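Student: Starting from these lines, generate the structure:
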Amino acid sequence: MKYIVYELQKNGSRGEQALQIQRSLPIWTKSREFVCDGIYGTDTENAVRQFQEEMFLAVDGKVGETTGNALGLWRDVVQGFDASHYQTIDWNALEHDKINFCILKATEGATYQDPKFFKNSILAFQTGLDVGAYHYTSFNNSPFAEFEKFYTTCRHTEVPFNFMYLDLEHRSTDLTNNEISDWVLVFMKLVDDFFPKATAGIYTSSNYLREMGLQGFNALSKYSLWAADWDSQPLVVPFESWTTWQYTSQGKLDGVDGYVDLNRRVI
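Tutor: Numbering: from 1, shown residues only. Just a heads-up that it's a prediction; the model follows:
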């Protein structure tokens, strides 16, 4: 599993991106004293310079798109947010030069429909955003019944959703981990079948999968991961990497009242 590098890293940078660069640099670039500690210092800069020189790249000791691609680490990302009826949104006031996409709650269970979903999804699409929808489950109904509600709600808007997610965060259930996995896979297969042009994904967190005993269910990882982690870039077993990362629940956007979840998405 790898962290994603999506921002310029240079001497003085710290964190998961710097750590992944240190881990990925070839051994021949590293001095005997080299330490993978997530601190982009002189040793890391010198190793990057040596790598760049051997790869016939511009030698500046920094890792941006070109060097990151050479290391197999770089991913372009765009910014977005997710919302439900809790947010009041002025779609015309959003900073569209900074926001590329939004993911909206559509349904929950077999009967609930978010009261703002129709209006928000249509307005989001009309303002030029990539639009996604998600369904929240408590595992109280069959996956077929819950998908029927999700499907009919989303199709009624006639919005071409680019990504469709199943929200996995409900912990109070009598289902075993095998039964949860089976439930999820049935629901996701229906998403694949009925929304073939959309990316099908799962919203969850490392903590949730660990607590529910789902980290060993590799079949889940065939789907796109929308990961929640408000402290650091997520690594979520059994997924190889995240496609969308909800990195804060206390974001602020022009056009949105109060706090809003902010996300990055790999493109």
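Student: What is the longest helix along the chain packed up against?
Tutor: If you go by DSSP state H, the chain has its longest helix at helix 177-194. Judged by 3 or more C-beta pairs under 8 Å, 6 or more residues apart in numbering; DSSP states H and E, the packing partners of helix 177-194 are helix 143-157, strand 163-167, strand 199-204. C-beta: built from backbone N, CA, C; applies to glycine.
Student: closest one to residue 33 among those?
Tutor: strand 199-204 (39.6 Å; C-beta to C-beta).
Student: which neighbours does that closest one have in its sheet, and in what orientation?
Tutor: Next to strand 199-204 in the sheet, as set by DSSP bridges, lie strand 163-167 (parallel), strand 224-228 (parallel).
Student: Report the backbone C-alpha coordinates of the last one in PDB.
Tutor: Pointing back at strand 224-228 there. The C-alpha coordinates for strand 224-228 follow below in PDB (Å, rounded to 0.1, in the frame of the first residue of the first chain):
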ATOM      1  CA  SER A 224     -13.400   2.700  -5.600                       C
ATOM      2  CA  LEU A 225     -12.600   3.800  -2.000                       C
ATOM      3  CA  TRP A 226     -14.000   7.100  -0.600                       C
ATOM      4  CA  ALA A 227     -12.000   7.200   2.700                       C
ATOM      5  CA  ALA A 228     -12.700   9.300   5.700                       C
END
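Student: from the chain's centre, how far out does it sit?
Tutor: 4 Å (C-alpha atoms, centre = their mean, to the nearest Å).
Student: what mean pLDDT does stretch 229-239 have?
Tutor: Stretch 229-239 shows a mean pLDDT of 95.
Student: buried residues in it?
Tutor: Buried positions in stretch 229-239, judged by neighbour count with 16 or more other C-beta atoms under 10 Å: 229, 233-239.
Student: Give me the contacts around that stretch.
Tutor: Stretch 229-239 has contacts (C-beta atoms under 8 Å, 6 or more residues apart in numbering) with 1, 3-4, 15-17, 204-206, 209-210, 215-218, 220-221, 225, 227-228, 242, 245-249.
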